[in-house]
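[1] Below are the sequence and a predicted model for it; my questions follow.
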Amino acid sequence: MLENPRSPRVRAVAKLTKRSARAETGLFLLEGPQAVREALAYSPEAIVELFATTSGWEKHSDLRSGAEVHGLVVEYVTEQVLNAMADTVTPQGVIAVVRQTPTSVSDIFATSPRLVAICQEIRDPGNLGTIIRAADASGADAVVLTGRTVDPYNPKVVRSTTGSLFHLPISVGGDLDDVIEHARAAGLTVLAADVKGDDLMQARADGALAGRTAWLFGNEAHGLDESALGLADHVLKLPIFGRAESLNLATAASVCLYESAFTQRAAREG
C-alpha cells in the first residue's frame, strides 16, 4: 500500500493535473468510479495504473471484475495519498492513470462520418467537456479540436464529459483550414454556429441540416472570427424566443448537434 503522500510516485501522478506533465508523458488522470468504469468498458488498453483506497475498491464489484478481466491490478493507497494525487476534493476512492489516445484528422474523416463537432478556440474546460458529452449523446461520429482549444485531457474537461471521452474519436491540435478541407473532401457540409448567421429554423425547413454535417463552434467570448466564418458553407444562429441575451456556448452547441441528429434521422427514416 502506498502511504506516503509526498513520495515521488504520488507526486508524478499529481503532476498530471498540469498540461506540461500530460504533454511530456502522454498520460492523464481519471478520477472517480464512473470515469474508471467507462475506461474499463471502452478503452481498457489505455489504462496504465489503477489506484484505490481499500474501502473505495470494495464498494465497486463491477470495477474489480472489469480490472480482473483485463489483467489490471489495483494498487491500494491511503485516503491521504489519493487526495494528494487527485485534482478534485472528493475523488471517491478510485483513480486511474490513462494513456492519451487522440485520433488523427485524416482517420476521422476517412470513416465517412455523418455528424462531426469542430471546436475552434474553445477555452473553458466545462464547455468543452459538455460539448463532447452532447456530441456523444446526439450520436455524432467525432469531435475535432482546433487552434488553442483547451486540452481535452484537462481534469475539468474529463470530468465534464462523464465518460464520453472514451465513446467517440477526438482529434487534438488541428489547423482549422486543414480540418475544413478534410471535412469537405469527405462530403460534409460545414455549418458555423454564430449570432451573425441566418436563422437555423429556416435552414432546417430548407433541408440544410439533413445531409452529412460538420458543425463549427467558436470561442465563448468572441465567437468565430471572420476568417473562420468564411470557411463555412452556411452560418446559422439559434433563435431567441424569450428575453435572454444569448445562450451559453455548450447549450447552443448541444441544440445544434441535436437539430442535425433529429433531421438526419428523420431523413433516413422517411
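    Happy to help now that I have it. Numbers count the residues shown, from 1 in each chain.
[2] the strands in the protein, which residues?
    27-31, 47-52, 74-76, 94-99, 115-120, 142-146, 170-174, 189-199, 213-217, 234-237 (DSSP state E).
[3] can you list the ones you listed in TSV and add mean neighbour count?
    The C-beta positions use only the backbone N, C-alpha and C, and glycine is treated the same way. TSV is the format used below for the strands of the chain (neighbours: other CB atoms under 10 Å):
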stretch	mean neighbour count
strand 27-31	24
strand 47-52	20
strand 74-76	16
strand 94-99	23
strand 115-120	26
strand 142-146	25
strand 170-174	20
strand 189-199	19
strand 213-217	28
strand 234-237	20
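[4] Settle this for me: Q120 is touching L224, isn't it.
    Yes: in this structure, Q120 is within contact of L224 by CB atoms under 8 Å, at 6.4 Å.
[5] anything in contact with each of those two?
    Any residue near both Q120 and L224 by CB atoms under 8 Å, 6 or more residues apart in numbering counts here, and that gives L216, F217, G218.
[6] Reformat those as CSV; add distance to A39.
    Shown next, in CSV, are the shared contacts of Q120 and L224 (distance: CB to CB, whole Å):
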residue, distance to A39
L216, 29
F217, 26
G218, 30
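[7] Would you format those as a markdown table with distance to V36 and pLDDT included?
    Putting the shared contacts of Q120 and L224 into a markdown table (distance: CB to CB, whole Å; pLDDT from 0 to 100) gives the following:
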| residue | distance to V36 | pLDDT |
| --- | --- | --- |
| L216 | 33 | 98 |
| F217 | 29 | 98 |
| G218 | 33 | 96 |
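[8] which of those residues lies closest to V13?
    Nearest to V13 out of the shared contacts of Q120 and L224 is F217 (CB to CB; 32.5 Å).
[9] any idea how far that closest one lies from L231?
    Using CB to CB, to the nearest Å, F217 is found at 13 Å from L231.
[10] And for L216?
    8 Å.
[11] Identify the contacts common to these two.
    I180, V190, A192.
[12] Would you format the residues you listed as CSV with distance to V157 included?
    Written out in CSV, the entries for the shared contacts of L216 and L231 read as follows (distance: CB to CB, whole Å):
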residue, distance to V157
I180, 23
V190, 24
A192, 23
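[13] Let's have these in TSV, adding pLDDT and distance to G242.
    Formatted as TSV, the shared contacts of L216 and L231 follow (pLDDT from 0 to 100; distance: CB to CB, whole Å):
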residue	pLDDT	distance to G242
I180	98	33
V190	98	29
A192	97	24
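[14] out of the shared contacts of Q120 and L224, which one sits closest to V74?
    Nearest to V74 among the shared contacts of Q120 and L224, with distances taken as CB to CB, is F217, at 38.3 Å.
[15] what separates the residue lying closest to that closest one once chain neighbours are set aside from I108, distance-wise?
    Spatial nearest neighbour of F217, excluding adjacent residues (CB to CB, 6 or more residues apart in numbering): A253 at 4.9 Å. Separation of A253 from I108 (CB to CB) stands at 18 Å.
[16] likewise S65?
    According to CB to CB, S65 stands 32 Å off from I108.
[17] Looking only at neighbour counts, state which of these two leads.
    Between S65 and I108, counted using other CB atoms under 10 Å, I108 has the larger neighbour count: 24 against 11.
[18] what sits up against the helix ranked longest in the chain?
    Among the segments of the chain that qualify as a helix by DSSP state H, the longest is helix 249-269. With contact meaning CB under 8 Å, 6+ apart, helix 249-269 is reached by 114-115, 117, 122, 124, 126-127, 130-131, 134-135, 138-140, 191, 193, 200, 204, 209-213, 215, 217, 220, 236, 238, 246-247.
[19] which stretches of this protein have low pLDDT?
    270 (pLDDT under 70).
[20] and if we set it to 80?
    Within the chain, the ranges that satisfy pLDDT under 80 run 268-270.
[21] Contact partners for L229?
    By CB under 8 Å, 6+ apart, the contact list for L229 reads A192, D194, K196, V235.
[22] For those residues, work out which two are farthest apart.
    A192 and K196 (9.4 Å).
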